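> Sequence first, then the predicted structure:
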Amino acid sequence: MKWLTPLLLALSLAAGTIACMTAYSPRLDAVAAAVAAGETIELGASSGKLVDAGGKAAPLAAAGAQLTPELVATLRAAGVERVRVRQFAFARWSHGWLFAAACAGLALGAVLVRRGARAALKASAGETGTAGSPATALACVREVLQKLDAAMPALRDAEDGMERVTAELGDLQATHLDTILQSRERIIAAGGLAGFAQFMSAFSVMERQINRAWSAAADDAAEEVADCLKRALSLIDGVERLLPR
Amino acid sequence: MTHDPKKRPMLLRGQYREVTAVTLIGAILVGAIMNAAITYAGLKIGFTIGGSAIAAVLGFGILRGILRRGSVLETNIFQTVASAVNTSNSGVIFTVPVLILLGHSLTWVSGDFWLVTVACVAGAVLGTVFIIPLRKQMIDIERLRFPTAMGVAVILKAPGAGVKRSLVLVAGIVVSALLFVPVGLPQLGYPGYAALGNAVFGEGQAILTDATIDIGRVIGIPPQAQVVFALAPFALGAGFITGRAGLFVLAGGVLAYWVLAPLAFSLGWMPETTTAAGATGYAFTAFNRPLGIGLLLGGAMMGVLISLPSIREAFKGLFASKAGLGSDELGFKPLAVASVVGLVLLFAAANYVGGEPINKICPVTGEAVGLASEDTRDYGGYTVAFATGAAAATWDNDRTDEERAAFLDSIDAKPGLLAALPLWFRSAIIALAGALWIWFAGVIIAQCTGMTDWSPISGMALLTVVLILFLAGSAAVVGAVMIGAALCVAVTLAADMMGDLRTGHLVGGIPRRQQVTELAVVAIGPVIAMFVVLIIAQANIAQGGPALGPGAPNGAIAPQAQALQAVITGVQGGQMPYALYGFGAFLGALLGLGAFSGLGVLIGLSMYLPFIYIATYGIGCVTNMVLTRVKGRRWCEDWGIPFAAGMIVGESILALVINIIVLATAG
């Protein structure tokens, strides 16, 4: 039944937009009644098939023409069922009911989506410390950073030292950092949207230092790499503290 | 084996370079050239190309290739500055030419030219300043992808990513350029894809044009359902980088072009004179565009509401930087100062334009009145000029309100909502409303660009013009276009700033440095674009043709401005389907309430944008999904994204080269 809610949303959206297509294209009967009641209504687009107008082909009624009882009668006689008008009125909207039903469908879909999301969040709550979880990934990030930091004196003098740093950090970005980024739902489940925002704010500052270390290593700027690694390590405690559990 | 520090490249010694004078000067020059070339081409073809990817490649070539220097972060600053100088051109060419098309003259000595330029500069400052506080929310917290920005990061990281990945990037550039060559050749007078189509399908075929391929015709789908794909490698690349989320964009296009248009045609909900081939065009203006823009607005409003907790966190970060706790961000104080400067410029321009007379003929004597006439009166929210002081006195003492209103009616000048207020107060409200709208539109555009790489700039311009005409009156066209131009420049720069910050995050740049450098150069772009428009217009007049638009000697037909002109005429004639905008917004808000907050934005965006590009973009999204399933996510990130980035870059660079050739060889 997982597909039922998206289907409801899709069908409701389609129905709503289909209904809107007739908002400015009412039935001629409805327009006739309004014109007879003295309402001023102008055509928003031409109406009727092309007819000969002084040697030139022109529609029966041109866009901008004001609808009169006579013009309405002419259009009706020509078999016109709907006209595009410039003035909107709920009373003339033939598919207003469909629009209302579509809105109800979207609202129901919204309730179902939110209920489903809450259930999923409840199910995944408390999983932030399990294997493959953000907490585990964060511990791995610390381990890699500590290892690189300790190895920096040797790496900065080695011929391929900075290449090794880019490889290590590239791997870190693609694995553990990515795991944390993919754990959005789990983190929100544990700490709510505000908790997630606080965590991500702190995490991003640390992540940027790692990204900067990668760039500096690619540029063979060993001093900057060492500085960035130290800064990232100094931030990781704060990030761990903010991880909702 | 030990490594001799003295033999290392220059950038190793001293501080790791990020912002340097060489980078800034080089980037401004490159940005200025790109701006001029793209402005000229944009006036002819109606759309512009993004500058970040080109700037990254040029920066890479200049800093590392020619000057033998340039770190990853220095190149990042280069692309930030160059794209900031270039980007504002689309905002200018979508709006400013409409003044010329509506019969206003833009010359070196006309006040309007300088006022619109000032408004564009104000827009540039406001757009950049307003979006900076949302960096944390959009990039750090929401993690919007910004496909082109990701591509730019791939280019910047190429030297350290290994030879194989660099080769994949180059392969993407080459494939993209080869695919795009026949699209660009017709601009230089050579045959393109259409000639190939004629050879394959016969003369006069409509399956393969220079820029599109109509698959619907090939497989026999009725023409009222448009199954046409743009021959646009950049759209393929952007779609690939967006991945699964791009399917929502495709869904909106499918709804608009494969469901609504054919259905309305077959049910007889279109005028009887509409042909099957013209059904999608009619559907676009009659309901898809207003519904799409409405959905976009409603979705964006709901998105802002739902994102309030993370926006609050973002602002906390901003105030923390004021206290020196988060020095990575530009603080609140400079942003506030820049906002005030932008607002004052906007007010000054609005006040001056509001004080210009709307009439060229004296309503009392029937004589011609000059713009410099000192005998003016404020009536119905407009400044009315008189030939003499006596005529003004007659207007004051002898004319009834009905007669005065009839005069306004005779020049199609309906009073706006603020008509009863004095000029300075009206101008202040218009400047404030314009600035608030710029903030909101900037958020929408940055969200759209972040999620999909597409930005509905012309839709926002349209709404701005409607909003200002509603506030200031239907004859306040110069003011409306001026604020529209400011908004367009602002939102393009907001999207550019956010994209650059996303690239910066991926390469470890310090946001504050990018923000400061972009703010420092952001005023240059609108000035260059305005001067190019003016030079082209003056050259056309000198050749005896219209300044811009149909029949312009150098082909500068300004298609986007023509569309905006149609909207202004529509507003003045009471032809805007306001209810459809409202219904669309309601549906967009409901969509955002349930699924994810950006859904309304994505669906609305694709209902409103040309489907030919969305369709090609969709192929990129589907390709990513298939490859992720077959080869895995890591493989797609490691190899697919560099190739896709190359696709974006290849087309952009080739388009720029063609634009420069066209500019250089123009009469």
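Now that the structure is in, tell me what you want to look at. Numbering: from 1, shown residues only, chains lettered A, B, ... in the order given.

> and the closest residue to chain A within the stretch 551-667 of chain B, how many neighbours does it have?
Closest contact between the stretch 551-667 of chain B and chain A, by Cβ to the nearest Cβ, is at B:G594 (2.9 Å). Glycine gets a C-beta too; all of them are placed from N, C-alpha and C. Residues near B:G594, counting by other Cβ atoms under 10 Å in any protein chain shown, number 25.

> From B:L605, how far off is it?
Distance of B:G594 to B:L605, computed by Cβ to Cβ, to the nearest Å: 18 Å.

> What are the contacting residues of the helix or strand harbouring A:D52?
Element membership for A:D52, per DSSP states H and E: strand A:47-53. Residues external to strand A:47-53 that are found in contact with it (Cβ atoms under 8 Å, 6 or more residues apart in numbering or on different chains): A:57-61, A:74-75, A:78, A:80, A:83-84, B:271-273.

> What residues of that strand count as buried?
A:47-48 (16 or more other Cβ atoms under 10 Å in any protein chain shown).

> What are the boundaries of the helices in chain A?
Counting by DSSP state H, chain A has these helices, from start to end: A:4-20, A:28-36, A:69-77, A:96-124, A:134-157, A:161-172, A:178-181, A:184-218, A:222-242.

> Over to the stretch 301-450 of chain B?
Using DSSP state H, counting those that start in this stretch, the helices of the stretch 301-450 of chain B run over B:308-322, B:332-354, B:389-397, B:401-410, B:423-452.

> got the residues of the stretch 251-400 of chain B near chain A?
Proximity of the stretch 251-400 of chain B to chain A (Cβ under 8 Å from any Cβ of the partner chain) is limited to residues B:251, B:255-256, B:259-260, B:263-264, B:268-269, B:271-273, B:282, B:286-287, B:291, B:309-310, B:312-314, B:317, B:326, B:328.

> Please disregard the earlier target; I meant the stretch 551-667 of chain B.
Going by Cβ under 8 Å from any Cβ, the residues of the stretch 551-667 of chain B near chain A are B:573-575, B:577-580, B:583-584, B:586-587, B:590-591, B:593-595, B:603, B:607, B:634, B:637-638.

> What residues does residue 107 make contact with?
Here I'm looking at chain A. Contact analysis of A:A107 by Cβ under 8 Å, 6+ apart lists B:590, B:593-594.

> Chain B was what I was after
By Cβ under 8 Å, 6+ apart, B:T107 lies in contact with B:113, B:534, B:538.

> Would you mind checking those for buried ones?
B:113, B:534.

> which one of the contacts of B:T107 is nearest chain A?
Nearest to chain A, judged by Cβ to the nearest Cβ, of those is B:F113 at 34.0 Å.

> That closest one and B:M530 touch, don't they?
Yes: applying Cβ atoms under 8 Å, one finds B:F113 in contact with B:M530, separated by 7.2 Å.

> which regions of the stretch 351-500 of chain B sit below the pLDDT cut-off?
By pLDDT under 70, the weakly predicted segments of the stretch 351-500 of chain B are B:371-373.

> cool, and chain B?
Along chain B, the model assigns pLDDT under 70 to residues B:1-14, B:45-47, B:49, B:310, B:314, B:317-327, B:371-373, B:554, B:595-597, B:666-667.

> Which residue lies nearest the spatial centre of it?
B:I457 (4.0 Å; Cα atoms, centre = their mean).

> The closest residue to chain A within the stretch 401-550 of chain B - nearest residue in space that isn't next to it in sequence?
At 2.6 Å from chain A, B:G508 is the closest residue in the stretch 401-550 of chain B, using Cβ to the nearest Cβ. Distances taken as Cβ to Cβ, 6 or more residues apart in numbering or on different chains put A:R212 closest to B:G508, at 2.6 Å, once the chain neighbours are dropped.

> Could you check the pLDDT of the one you found?
On pLDDT, A:R212 comes in at 95.

> For it, give its distance to A:A158.
21 Å.

> what's the answer for B:G434, then?
58 Å.

> Looking at these two, which one has more neighbours?
When B:G434 and A:A158 are compared for neighbours, B:G434 comes out ahead with 31 against 16, by other Cβ under 10 Å.

> which one of the contacts of B:T107 is nearest B:A350?
Nearest to B:A350 among the contacts of B:T107: B:F113, at 16.0 Å, using Cβ to Cβ.

> what's the spacing between A:A53 and B:A419?
A:A53 sits 41 Å away from B:A419, going by Cβ to Cβ.

> tell me which helix or strand of chain A sits lowest on mean pLDDT?
Least confident helix or strand, chain A: strand A:47-53 with a mean of 82, by mean pLDDT, DSSP states H and E.

> Off-centre distance for it?
45 Å (Cα atoms, centre = their mean, to the nearest Å).

> Partner strands of that strand and their direction?
strand A:56-61 (antiparallel) (DSSP bridges).

> What's the local residue count around the closest residue to chain A within the stretch 151-300 of chain B?
In the stretch 151-300 of chain B, the residue that lies nearest chain A is B:G160 (2.3 Å; Cβ to the nearest Cβ). The tally of other residues near B:G160 (other Cβ under 10 Å) stands at 24.

> can you check B:T376 too?
With other Cβ under 10 Å as criterion, B:T376 counts 17.

> Surely it touches B:G389?
No: look at B:T376 against B:G389 with Cβ under 8 Å: they stay out of range, at 10.6 Å.

> separation between B:P147 and B:I361?
Per Cβ to Cβ, B:P147 is found 54 Å from B:I361.

> typed the wrong thing, it's A:I210
69 Å.

> which one of those two has more residues nearby?
Counted by other Cβ under 10 Å, A:I210 and B:I361 do not tie: A:I210 has more neighbours, with 22 against 15.

> which residues touch the nearest residue to the more buried one once chain neighbours are set aside?
In space, and not counting its chain neighbours, A:I210 is closest to A:A232: 5.2 Å by Cβ to Cβ, 6+ apart. Neighbour list for A:A232: A:145, A:206, A:209-210, A:213 [criterion: Cβ under 8 Å, 6+ apart].

> That'll do, ta.
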